[in-house]
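Engineer: quick one: sequence plus predicted model below, questions after.
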Amino acid sequence: MLTIVAPLDLAECSTHETRVFDPADVDGYVYRHRWRYGYYLKYFDPLILAKNVWITHAQQHGELALDLAVFDRYGSGPLDTTISRDTLVYGELPGADPACLSALHELAARLTGSRQRLVVVMEPMSPDWISQYDPEGAGLRRLADQVRGALAGSAATLWIPGADLPLRSNAFVDAIHLRWSAARVFSRGDRRRPPASARIP
């Protein structure tokens, strides 16, 4: 199993409800073939529907420059955009939420117990963000150490792109999100050389 983790993904896990549906409802709908319309009526949200209609219309008519409803033959976004956000969008890196690290530890342990391999990739940050918010790299190093600690004792592998994957500012559309064309470079990065951090002891 491969998971790509942006540094900010580990900042808030205990303050957000991640469960969207009641598991009993899903189980009844999928496996017990209960009346489907009761399920739809319970979870139907007209405001979300209206919002999604507007977003889809805007995507199809080119009104959301970075979120066009255009895909290549693999189902991914167009790879030739040169558009970026007006700002970095994301500011200073908050501390890691212990609940996030605990969940990552539990996932790694469960996969190790079932003889499966977890590969965690730390998504790189824009050089512009680093120069503004973490010029000494202390925040990102501290986060990397916390992730290593969460994976300790498992068979997980951690890859932290560094000098082996140089990405300039123009590879990013904001502080975190890679330009579609740069995503190909990132995807090939772990094939060019061994991960910066191999199996966690």
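Structural biologist: Structure's in. What do you need? Numbers count the residues shown, from 1 in each chain.
Engineer: neighbours of the spatially closest residue to residue 118 that is not a sequence neighbour, how many?
Structural biologist: Nearest in space to residue 118, with sequence neighbours left out and distances taken as Cβ to Cβ, 6 or more residues apart in numbering, is residue 156 at 4.3 Å. Backbone N, C-alpha and C define where each C-beta goes, glycine included. Neighbour count of residue 156, defined by other Cβ atoms under 10 Å: 25.
Engineer: does residue 156 touch residue 110 like I think?
Structural biologist: No. Residue 156 is not in contact with residue 110 according to Cβ atoms under 8 Å; the separation is 10.9 Å.
Engineer: so for residue 111, what's the nearest residue that isn't a sequence neighbour?
Structural biologist: Closest to residue 111 by Cβ to Cβ, 6+ apart is residue 118, at 4.7 Å.
Engineer: ok, now how distant is the one you found from residue 85?
Structural biologist: Taking Cβ to Cβ, to the nearest Å as the measure, residue 118 falls 31 Å from residue 85.
Engineer: between these two, which is the more surrounded one?
Structural biologist: Higher neighbour count among residue 118 and residue 85: residue 118, with 21 against 14, using other Cβ under 10 Å.
Engineer: pull the contacting residues for that one.
Structural biologist: Contact analysis of residue 118 by Cβ atoms under 8 Å, 6 or more residues apart in numbering lists 1, 3, 107-108, 111-112, 151, 154-157.
Engineer: between those residues, which sits nearest residue 132?
Structural biologist: residue 3 (27.0 Å; Cβ to Cβ).
Engineer: parallel or antiparallel, list what pairs with the helix or strand where that closest one lies.
Structural biologist: According to DSSP states H and E, residue 3 maps onto strand 2-5. Its sheet considered, strand 2-5 pairs with strand 119-122 (parallel) by DSSP bridges.
Engineer: what sits up against the strand it pairs with?
Structural biologist: Applying Cβ under 8 Å, 6+ apart, the set of residues contacting strand 119-122 from outside is 1-5, 7, 104, 108, 143-144, 147, 151, 156-161, 190.
Engineer: related to what we said a few turns ago, what pLDDT is listed against the residue nearest to residue 111?
Structural biologist: For residue 118, the pLDDT comes out at 94.
Engineer: before we move on, the earlier item: what's the first helix or strand after the strand holding residue 3?
Structural biologist: helix 23-30.
Engineer: what mean pLDDT does that following helix get?
Structural biologist: 87.
Engineer: buried ones in it?
Structural biologist: By neighbour count on 16 or more other Cβ atoms under 10 Å, the buried set for helix 23-30 is 28-29.
Engineer: now swap in stretch 119-130 and tell me
Structural biologist: Neighbour-count burial for stretch 119-130 flags 120-126, 129-130 (criterion: 16+ other Cβ under 10 Å).
Engineer: off-centre distance for it?
Structural biologist: Computed by Cα atoms, centre = their mean, to the nearest Å, the chain-centroid distance of stretch 119-130 equals 11 Å.
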